[in-house]
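Student: my questions are about this predicted structure, shown below with the sequence.
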Amino acid sequence: MLDLLQAILDGVMFGATYALIGIGFTLVFGVMHKINMAYAAASVGGAYCGLLVLVAFKGAPAWAVFLGAFAAGGVLGYLVYLACFHFIPLANPLATLMSTVGMLLLIDEIVVHTTDGMPQNYPAMFDDVMLRAGELSIRGDLLLIFGVGVACMAVLLALLYRTRLGLATRAVSQQPVAAQLCGIRVAQVNAATFVITGLLGGLAGALIGASVGALSPLLTVPLTVKGLIVTVIGGLGSIPGAIVAGLLVGGFENLFQQFRGVTERDLYVMLLLFAFLVFRPGGIFASGAGRD
Amino acid sequence: MKTLATAVAAALAAMALGLPSGAAAQERTVKIAGFGAKSGVVRSFGVNSEAALLAAAEEINKAGGIKLGDGAKGKIAVEFYDDRCNAEEGISVIRRIASADWVVAVGPTCSNVAEPLFGILQKKVEDAGDSGLQMPVFTDVAIKVGLAKISQWAFRNVPNEFTMYSSLFNFVRTEFPDVKSVYGGVEEDFAHSRATWYAVMKNRADANGFKVLGESKWLLNDTNFATQVREMKKADADAIAISAHPFTTCGVLKEMQRQGVKPKVLIGLTSSSSLETLEGCAKQAEGMIIPTSFAPVNPKALAAAKSTSKFKGNADLHSMAAWENVFILKQVMESEKVLAKPDTVAADRRKIRDGLAKLKTTDGLIGVSRRDTDGEAEKPYLFVRAKNGQWTVYHNPL
């Protein structure tokens, strides 16, 4: 019983990494009603760029690398917007979807060619901290990721509901034509959304690299898949939904692994997704007419 | 006069057109195709193999090239194809190589490519009813046990993991008499690592008197190993053998450090005795013992490693097999009198195949390898241990 509880707890804490990625996916969808398939790849790319801080300043602390990844993520987010959305007719959903798939592959290959596919050691914070609650233990670095996820959610919600940018973003997501008629520059709002999600993505990529201990191009596709699953289960466009779903998916993953082994684990995660799509297609926090 | 002028002009024109002069006719190109994973996450293997092939070819060419069957000299030309560690791509690549004028192919990187690829080669040489490809393939990296016997056109210069791990567990038994039990960690979805744990490590540990307490499993893309390492901790084995490639090996080792799992002996997979492991987790891998068929333990090996690095590759047991392959092929081509002419490609391929099949021993970088009738090699090996961020020779049975 204790093993089971610990496995679920480990999974829930690791699910915080999925939640961070899910927030980015869901935010873009919430604003533009489009899926950015390149989000996880750009997050990992931002994390790789964060390592340049170590190249420039040997022995730099982990937080400096995270800051570098944060900034690089924002730049990458803007580049993804330019390449995959700005010049492509948004009325054609397939065009933007395929362009982001192409961008995912491009970023992946750039990373592989630059690093020869070699994993890169990633600095971490609190990775040697293990908090104990009786017989149960919680990793300090995963608790940090969870905390960052909650903080990001709070900041994003404050941004969306307490700032002019947030007001404009909500207007564009609900009625882009009407928003334009009111003088809101839709392209600027969309670009800002990508920069903001990019900043978050860079930080997410860095924290994920830190929790794994190394960055590798192997991370890109699994994070994309998990991010999409979390986005759908949480509710497309719902930021709190992404957090809850991320933790749920992480927990269920470990639960399935405990009972059915690692080779069947992903099967059951997909079945969980299908169950949500059939019985609750809007996700846990299915929104009404508007979006977060 | 006019006739002489015309003749001189014609001769000059012929020379300009590149018609062979006496000297030029003595040198031809011997085309060796390399192929392996040059993209995707195992790209480093393909990069290193290509570098080793190019370095070996350069060394042979500088020394005069290959002596061909009619006395001419052959300079080696190498081109490396990317099979993306994907079976369909690998088969497509070998068909493309076979349809061109390459006389032999060196590769592939991945065992999941090698197995189906060998399957499309002609199985038995004298079987006229078998329309399989008649192309000699000389593998440098794909190491899963027992693949070369699939076809008589397939040959490998890869270490025999069964022999190496048998020797390693025997060594551990004598060197660490208090080590009685072994627990495994295995990458379930990669052909090499999976086969090596179940068919080799587990088997050999048991055969050497160790109690195998079980194994934890994960996938190549996994990043969370908490449950698996907890199983390891619970098993409390004296030795832990990790049959996984560098990325997940490092992930597991880092989790082991977090959970305070410290076995008396730590054993790794052959492919993890690489720079990748040390760059990912040198501290956590400290003390890990791995059997390998290459280490820079003599001037020849050192020189090969240095030459390979000039082509931006790293020397390890896999890439140095590619180096050895080129020199073995030189020896075979000279003994079988390969001609390397455009109209002798099929005959040259057959000669190379026959020559490789006849070999009983070959000279390797750290010693002599024996060759068996299945086209496999019995290579010399030694044990390396991760120490202070380097792979150092721990035990040299040579």
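Tutor: Thanks, I have it.
Student: show me where chain B has its helices.
Tutor: B:2-16, B:43-62, B:87-99, B:111-119, B:161-175, B:191-195, B:202-207, B:226-235, B:246-259, B:275-281, B:299-310, B:319-335, B:345-358 (DSSP state H).
Student: pull the number of nearby residues for the residue in the stretch 1-150 of chain A positioned nearest to chain B.
Tutor: Closest to chain B within the stretch 1-150 of chain A is residue A:117: 3.6 Å, counting by Cβ to the nearest Cβ. Placement of C-beta: from N, CA and C, glycine included. Look at residue A:117: counted by other Cβ atoms under 10 Å in any protein chain shown, it has 24 neighbours.
Student: what does residue B:88 give?
Tutor: 11.
Student: just to revisit the earlier point, grab the nearest non-local neighbour of the residue of the stretch 1-150 of chain A closest to chain B.
Tutor: residue B:43 (3.6 Å; Cβ to Cβ, 6 or more residues apart in numbering or on different chains).
Student: interface residues of the stretch 251-398 of chain B facing chain A?
Tutor: B:251, B:254, B:258, B:275, B:276, B:279, B:280, B:281 (Cβ under 8 Å from any Cβ of the partner chain).
Student: which pair of these spans the longest distance?
Tutor: Within those, two members stand farthest from each other by Cβ to Cβ: B:258 and B:275, at 24.3 Å.
Student: neighbour-wise, which of these two wins?
Tutor: Between residue B:258 and residue B:275, residue B:258 has the larger neighbour count (other Cβ under 10 Å), namely 21 against 16.
Student: mind listing what that one touches?
Tutor: By Cβ atoms under 8 Å, 6 or more residues apart in numbering or on different chains, residue B:258 lies in contact with A:127, A:128, A:130, A:139, B:229.
Student: show me where chain A dips below the pLDDT cut-off.
Tutor: For chain A, residues meeting the criterion pLDDT under 70 lie at A:287-292.
Student: enumerate the residues of the stretch 151-292 of chain A near chain B.
Tutor: A:208, A:211-214, A:216-219, A:221-222, A:254, A:257-258, A:261-263.
Student: so who does the residue in the stretch 51-200 of chain B positioned nearest to chain A touch?
Tutor: Residue of the stretch 51-200 of chain B nearest chain A, by Cβ to the nearest Cβ: residue B:188 (5.8 Å). Under the criterion of Cβ under 8 Å, 6+ apart, the contact list for residue B:188 reads A:262, A:263, B:194, B:217, B:218, B:219.
Student: surely the last one and residue A:264 touch.
Tutor: What it means is residue B:219. No. With contacts counted by Cβ atoms under 8 Å, residue B:219 stays clear of residue A:264, the gap being 11.2 Å.
Student: more neighbours: which of the two?
Tutor: Set residue B:219 next to residue A:264 and count neighbours by other Cβ under 10 Å: residue B:219 wins out with 17 against 12.
Student: circling back: would you double-check that the residue of the stretch 1-150 of chain A closest to chain B falls in a strand?
Tutor: No. Counting by DSSP: H, G, I helix; E, B strand; the rest coil, residue A:117 is not part of a strand but coil.
Student: and it, how close does it get to residue B:38?
Tutor: As judged by Cβ to Cβ, to the nearest Å, residue A:117 and residue B:38 stand 9 Å apart.
Student: make JSON lines out of the contacts of residue B:258 and add distance to residue A:82.
Tutor: Shown next, in JSON lines, are those (distance: Cβ to Cβ, whole Å):
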{"residue": "A:127", "distance to residue A:82": "36"}
{"residue": "A:128", "distance to residue A:82": "41"}
{"residue": "A:130", "distance to residue A:82": "43"}
{"residue": "A:139", "distance to residue A:82": "38"}
{"residue": "B:229", "distance to residue A:82": "43"}
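Student: and the residues you listed, which are buried?
Tutor: A:127, A:139, B:229 (16 or more other Cβ atoms under 10 Å in any protein chain shown).
Student: for residue B:380, state which of those is nearest.
Tutor: Of the buried ones among the contacts of residue B:258, the one sitting nearest to residue B:380 (Cβ to Cβ) turns out to be residue B:229, at 34.7 Å.
Student: what comes into contact with stretch A:108-124?
Tutor: Residues contacting stretch A:108-124 (Cβ under 8 Å, 6+ apart): A:41, A:44-45, A:47-48, A:51, A:54, A:61-62, A:65, A:141, A:206, A:209-218, A:220-221, B:39-44, B:47, B:246-247, B:250, B:275-276, B:279-281.
Student: try it again at 7 Å.
Tutor: A:41, A:44-45, A:48, A:51, A:62, A:65, A:141, A:209-210, A:213-217, A:220, B:39-44, B:47, B:246-247, B:250, B:276, B:279-280 (Cβ atoms under 7 Å, 6 or more residues apart in numbering or on different chains).
Student: residues of the stretch 1-150 of chain A that sit close to chain B?
Tutor: When proximity is defined by Cβ under 7 Å from any Cβ of the partner chain, the stretch 1-150 of chain A lies next to chain B at A:3, A:6-7, A:10, A:14, A:109, A:112, A:116-119, A:121, A:130, A:139.
Student: let's see 10 Å
Tutor: Neighbours of chain B within the stretch 1-150 of chain A, by Cβ under 10 Å from any Cβ of the partner chain: A:3, A:6-7, A:9-11, A:13-15, A:17, A:108-109, A:111-113, A:115-122, A:124, A:127-130, A:137, A:139-142.
Student: PyMOL command to pick out the buried ones of the residues of the stretch 151-292 of chain A next to chain B?
Tutor: Buried residues within those, by 16+ other Cβ under 10 Å, are selected in PyMOL with:
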select buried, chain A and resi 208+211+212+213+214+216+217+218+219+222+254+257+258+262
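Student: in strands only, show me the residues of the stretch 151-292 of chain A next to chain B.
Tutor: Members of those lying in strands (criterion: DSSP state E): residue A:214.
Student: which of the residues of the stretch 151-292 of chain A next to chain B fall within helices?
Tutor: Those of these lying in helices (DSSP H): A:208, A:211, A:212, A:221, A:222, A:254, A:257, A:258, A:262, A:263.
Student: give me the low-pLDDT residue ranges for chain B?
Tutor: Applying pLDDT under 70 to chain B picks out residues B:1-25, B:41.
Student: got a list of what the residue in it positioned nearest to chain A touches?
Tutor: The minimum distance from chain B to chain A, using Cβ to the nearest Cβ, falls at residue B:43 (3.6 Å). For residue B:43, the contact set (Cβ atoms under 10 Å, 6 or more residues apart in numbering or on different chains) comprises A:109, A:112-113, A:115-118, A:217, B:36-37, B:82, B:84-85, B:109.
Student: same thing but at 6 Å, please
Tutor: Each residue near residue B:43 by Cβ atoms under 6 Å, 6 or more residues apart in numbering or on different chains is listed here: A:112, A:116, A:117.
Student: residue B:215 too?
Tutor: Going by Cβ under 6 Å, 6+ apart, residue B:215 touches B:184, B:186.
Student: now with 7 Å, please.
Tutor: Residue B:215 makes contacts with B:183, B:184, B:185, B:186, B:197, as judged by Cβ under 7 Å, 6+ apart.
Student: dump those residues into TSV; add neighbour count as well.
Tutor: What follows is these, written out as TSV (neighbours: other Cβ atoms under 10 Å in any protein chain shown):
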residue	neighbour count
B:183	26
B:184	25
B:185	28
B:186	26
B:197	25
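Student: which of the helices of chain B sits closest to residue B:150?
Tutor: helix B:111-119 (3.9 Å).
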